[in-house]
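[1] quick one: sequence plus predicted model below, questions after.
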Amino acid sequence: MINNTVGEPADTSLLSSPLLRGPGALPRQRQLIQRLKQAILAGQLPAGGKLPSSRTLSEELDISRNTVLIAYEQLTAEGYVIADRQGTRVAPLSAAASSAARHAAPAAAPSSATATRLTRIVSARHAHDGSLPMTPGTPALTQFPVNAWRRAQDRALQTAPATVLGYGHPLGEPALREAIAQYLRVSRGVRCEASRIVITEGAQGALALCVQLLTNPGDTAWLEDPGYRGAKSAFHAGDLDVVAMRVDADGIVIPEGAWTAQPPRLIQITPTHQYPTGAVLSLTRRLDLLARARRAGAWIIEDDYDSEFRHQGEPIAAMQGLLPDAPVLYVGTFSKTMFPALRLGFLVLPEAIASQATPSIVEMLRGGHRLEQLTMAAFIENGQFSRHLGRMRRLYRERQAALREALAAHLGIDHEVLGGHSGLHLTVRLPPAFSDVGIVEQSRRLGMNPSALSSFAIAPLAEDNGLVIGYGNTAAERFPALVRRIRDLALGSRRDATADARPR
């Protein structure tokens, strides 16, 4: 029987059965992580229950202690367990979250899911210059394997030299949709089939499509604050009433009364690596949000823009795959993993709306960029994509470490580094005396391109003063000089402000 006393050792008899071995078996580390997750979500390992020590569990399962340690670290990162001096304990989940995990209700009826906006097409574009160092979100373009991409492109041309010049399937090339579905199932834990994937003009095209499919003018949309400006543009283009929801170290914060006072139709979030603060949405909040959105008939847009680049432990699993039939539209892009000019994104439709929405999407879209899509499919299938990701993870890990060291050694100003375990940027919070907008304006004149944290907020607060610094496109050895230059600009702007404030 499972022990429900908080702080007492959990009954781990369900963990004693041997892990699978041999051909076709998942790595034992992943098996252990999945087994623990399922037991926690099902309530078999209750909140507060103490898990066995890594040594004890490794001996019981006949696996290495490192395997257990890595599994515990991953569960800690995803919010399933809490590690402290007393050991590793199951994290507390709210009653609503636990109920949602154990008793997933059916998704909203397809008859009420789609919108009259399906007859309209709203276009939204986002111009972005990533040529300067410190630009957030720009990958290391000089490190892209151009020759491997060219070979994949040549093979695509040889396979279908004539047909690629005409219109393709409006939802995207079947080969790419299948390759993405396989990739997402294995690497991100997304529940999807190729038939529910739509290839879009980058992530921005996917966001705009979500608005077209699911909303009518005047509907309410919730947006992280600070948050992704492209989502705000897509919502405004759809004549939606945008409501800002603040974020903290555990992700989006939704006041209790908001569900009744300002009920949403869409909720846009970046749960794996909040943009731009870097926060990871806690497991409790993920489950609460899924449960409440389902009850409210709302849809969650999960923007998983750079989850492949996690620098500690394994990538955080997608929120979409946490529950069956989750009310989540999953958005991804190749702009960070490949290169921005590729302009390939994708949207995974929930099963509850896919069959009803697909005929309208077929009428709205025209299949294009066929050569690029077929090349991307070949790039994934021949293993070049995985190899490229591996190289970039190592490079970005090194560049992030170099930026952290430069900030600590050379910034010379009180600051706080937010998030920082994933992605292509670090966010640095600064005291209000140093205007982030002013620093950014002067930085661009000197050939640097950080972003002002306050520019991502709908209603900026004092705590939103800071810099969003990209490291993807900047060599590690350049950071000391670049950070010193920012320090000088910041100190100079403070002196100017002080001088302006003196009585004359």
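    Nice, thanks for sending it over.
[2] helices along the stretch 351-500 of the chain, start to end?
    With DSSP state H, counting those that start in this stretch as the criterion, the stretch 351-500 of the chain has helices at 351-364, 370-381, 384-410, 436-445, 479-501.
[3] elements contacting the third one?
    What that stands for is helix 384-410. Contact partners of helix 384-410 among helices and strands, from 3 or more CB pairs under 8 Å, 6 or more residues apart in numbering; DSSP states H and E: helix 146-159, strand 425-429, helix 479-501. Where C-beta positions appear, they are placed from N, C-alpha and C, glycine not excepted.
[4] list the buried ones in that helix?
    Neighbour counts over helix 384-410 (16 or more other CB atoms under 10 Å) mark 384-385, 388, 392, 395-396, 399-400, 402-403, 406-407, 410 as buried.
[5] now do it, average pLDDT.
    Rounded to a whole number, the mean pLDDT of helix 384-410 is 96.
[6] number of nearby residues for Asn473?
    The tally of other residues near Asn473 (other CB atoms under 10 Å) stands at 22.
[7] wait, I meant Pro460
    Pro460: 17 neighbours (other CB under 10 Å).
[8] quick check, Ala77 in contact with Pro315.
    No - if you go by CB atoms under 8 Å, Ala77 and Pro315 don't touch, sitting 9.8 Å apart.
[9] if we can go back for a sec, and the helices of the stretch 351-500 of the chain as a markdown table, adding distance to Glu201?
    Listed next are these as a markdown table, based on distance: least, CB to CB, whole Å:
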| stretch | distance to Glu201 |
| --- | --- |
| helix 351-364 | 13 |
| helix 370-381 | 11 |
| helix 384-410 | 20 |
| helix 436-445 | 27 |
| helix 479-501 | 33 |
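[10] the ones you listed: which one's closest to Arg310?
    Nearest to Arg310 among these is helix 384-410 (7.9 Å), distances taken as CB to CB.
[11] so the closest one versus strand 425-429, what angle?
    With axes from the mean of the first three to the mean of the last three CA atoms, to 10 degrees applied, the angle from helix 384-410 to strand 425-429 works out at 30 degrees.
[12] how far off centre is helix 384-410?
    18 Å (CA atoms, centre = their mean, to the nearest Å).
[13] quick one on the thing from earlier: identify, from the buried residues of helix 384-410, the entry nearest to Ala475.
    Arg399 (7.6 Å).
[14] could you find the closest non-adjacent residue to the closest one?
    The shortest distance from Arg399 to any non-neighbouring residue, by CB to CB, 6 or more residues apart in numbering, is to Tyr471 (4.3 Å).
[15] contact partners for the one you found?
    The neighbours of Tyr471, taking CB atoms under 8 Å, 6 or more residues apart in numbering as the test, are 134, 396, 399-400, 402-403, 424-426, 479.
[16] and if we set it to 10 Å?
    Shown in contact with Tyr471 (CB atoms under 10 Å, 6 or more residues apart in numbering): 133-136, 138, 140, 395-396, 398-404, 406, 423-426, 478-479.
[17] ok, the most centrally placed residue in the chain to Met134 distance?
    With distances taken as CA atoms, centre = their mean, the residue of the chain nearest its centroid is Asp304 (3.1 Å). The gap separating Asp304 from Met134 is 24 Å, by CB to CB, to the nearest Å.
[18] next one: Pro52
    For Pro52 relative to Met134 (CB to CB), the value is 46 Å.
[19] just Gln356 next, same as before
    Per CB to CB, Gln356 is found 45 Å from Met134.
[20] touching, Ser443 and Val468? I think so.
    No - with contact defined as CB atoms under 10 Å, Ser443 does not reach Val468; the gap is 11.7 Å.
[21] which neighbours do those two share?
    When contacts are counted by CB under 10 Å, 6+ apart, Ser443 and Val468 are jointly contacted by 134, 450-452.
[22] who wins for most neighbours among those residues?
    Among the shared contacts of Ser443 and Val468, Met134 has the most neighbours (other CB under 10 Å), with 29 neighbours.
[23] my guess is that one contacts Phe479. True?
    Yes - if you go by CB under 10 Å, Met134 and Phe479 touch, sitting 8.7 Å apart.
[24] touching both of those two, which residues are there?
    403, 469, 471.
[25] contacting residues for the first one?
    The neighbours of Leu403, taking CB under 10 Å, 6+ apart as the test, are 134, 417, 420, 425-426, 428, 469-471, 474, 476, 478-480, 482-483.
[26] ok, and the closest non-adjacent residue to Ala231?
    Leaving out its chain neighbours, the residue that sits closest to Ala231 by CB to CB, 6+ apart is Gln268, at 4.4 Å.
[27] name the SS class of that neighbour, please.
    Each residue gets one of three states, and Gln268 gets strand by DSSP: H, G, I helix; E, B strand; the rest coil.
[28] so how far is Ala452 from it?
    Separation of Gln268 from Ala452 (CB to CB) stands at 21 Å.
[29] avg pLDDT for the host helix or strand of Arg89?
    Following DSSP states H and E, the helix or strand that holds Arg89 is strand 87-90. Strand 87-90 shows a mean pLDDT of 92.
[30] quick one, strands of this protein?
    Along the chain, counting by DSSP state E, strands occupy 81-84, 87-90, 197-200, 220-225, 241-248, 251-252, 266-269, 299-303, 328-333, 345-348, 416-418, 425-429, 451-452, 466-470.
[31] thinking again about what came up before, got the contact list for the residue nearest to Ala231?
    By CB under 10 Å, 6+ apart, the residues touching Gln268 are 207, 210-211, 221-224, 227-228, 230-232, 234-235, 242, 245, 252, 299-303, 329, 331.
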